[in-house]
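Asks: What follows is a predicted structure for the sequence shown.
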Amino acid sequence: MTHQIDATNQSLGRLASQIAVILRGKTNPDYRPNVMPQEKVVVNNSVRIKFTGKKLDQKIYYHYSGYPGGMKKRKLGTMFEKDPKRVLWLAVYRMLAPNRIRSRIMKNLEIK
């Protein structure tokens, strides 16, 4: 089943948690945690996501390569300017359980 979601004026975290619940299949009456859900989510207007407070300047995304001196930081504001789809994708990805089917579940998310 495909769900259409409009991201206009919605908070990033609340939107991401709503998408994660749908992708996991928890909205279905026949939910089973050991079965791969067949839910698909299409998100429109990801450029119009709302951020509250000073998150654009204060929230930092870290990436560590595993080597000494390999820690990289990016602020949410610069990341959102470069690729708003990536910000929403990361929020949903990090809300799902880190198990074997997380990457397969994320293939059912389409952000426009």
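Replies: Yep, it's here. Residues are numbered from 1 along each chain as shown.

Asks: Now do the nearest residue to residue 20 once chain neighbours are set aside, the pLDDT please.
Replies: Using CB to CB, 6 or more residues apart in numbering and skipping the chain neighbours, the partner closest in space to residue 20 is residue 95 (4.1 Å). For the C-beta atoms, the positions are set from N, CA and C on the backbone; glycine is no exception. Here the pLDDT value assigned to residue 95 is 98.

Asks: what do you get for residue 34?
Replies: Looking at residue 34, its pLDDT stands at 88.

Asks: Look at the residue most central in space within the chain and give its secondary structure.
Replies: For the chain, residue 92 is the residue whose C-alpha lies nearest the centre (CA atoms, centre = their mean; 2.3 Å). Taken by DSSP: H, G, I helix; E, B strand; the rest coil, the conformation at residue 92 corresponds to helix.

Asks: And it, how far from residue 18?
Replies: Plainly put, residue 92 is 9 Å away from residue 18 if you go by CB to CB, to the nearest Å.

Asks: phi, psi of the residue lying farthest from the centre of the chain?
Replies: In the chain, residue 68 marks the outermost C-alpha relative to the chain mean, sitting 28.8 Å out by CA atoms, centre = their mean. Main-chain dihedrals, residue 68, degrees, to the nearest 10: phi -60, psi 130.

Asks: And the contacts of the helix or strand residue 63 falls within?
Replies: For residue 63, the enclosing helix or strand under DSSP states H and E is strand 60-64. The contact list for strand 60-64, computed with CB atoms under 8 Å, 6 or more residues apart in numbering, reads 70, 71, 72, 73, 74, 75, 76, 79, 90.
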